[in-house]
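> next one to model:
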Amino acid sequence: MALLYETAVATPRPVLSFEPNKELRWLGHLLVTGLFDGEHRFELIDNGNGTTTFRHSETFNGILVPLFKKLL
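Numbering: from 1, shown residues only. This is a model prediction of the structure:
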């Protein structure tokens with residue numbers, strides 16, 4: 001059974017990876033899969049000195065990506 005992440009508008013998103021205290025990745029789509037898809041990733045990185053680095057990244061795919069390339 002896949003975990004789901006829900007946005008403020010209650011649209012379920014498939015969770016691709018969840019490692020407590022390390023990573024959360026999920027996939028979002030614009031209207032339909034393959035049009036404009038975004039893989040979103042939150043990472044927590046232990047710096048080994050009592051601090052943590054938070055990294056957020058997104059990877060986009062789909063036929064509309066070239067149209068928005070300069071905005072991404």
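
> CA only for contacts and neighbour counts going forward, please
Noted.

> could you check how far stretch 13-31 is from the centre of its chain?
Distance of stretch 13-31 from the chain centroid (C-alpha atoms, centre = their mean, to the nearest Å) equals 5 Å.

> ugh, wrong one, stretch 56-64
The answer for stretch 56-64 is 9 Å, by C-alpha atoms, centre = their mean.

> just stretch 30-39 next, same as before
On C-alpha atoms, centre = their mean, the centre of stretch 30-39 falls 12 Å from the chain's centre.

> flag every buried residue along that stretch.
Buried residues in stretch 30-39, counted by 16 or more other C-alpha atoms under 10 Å: Phe36, Asp37, Gly38, Glu39.

> tell me the contacts of Ser17?
The contact partners of Ser17, taken as C-alpha atoms under 8 Å, 6 or more residues apart in numbering, are Glu23, Leu24, Arg25, Trp26.

> quick check: it vs Arg25, distance?
Look at Ser17 and Arg25: by C-alpha to C-alpha, to the nearest Å, they are 5 Å apart.

> strands of this protein, start to end?
Taking DSSP state E as the criterion, the chain contains strands spanning 4-6, 12-19, 23-29, 37-46, 52-61.

> can you find the helix or strand in the protein with the smallest mean pLDDT?
None of the helices or strands of the chain scores lower by mean pLDDT, DSSP states H and E than strand 4-6, at a mean of 50.

> partner residues bridging Glu39?
In this entry, Glu39 is beta-bridged to Leu27, Thr59, by DSSP bridges.

> let's see the pLDDT reported for it.
Looking at Glu39, its pLDDT reads 90.

> same question, the one 3 residues further on
Residue-level confidence at Phe42 comes out at 95, pLDDT.

> alright, I will stop here.
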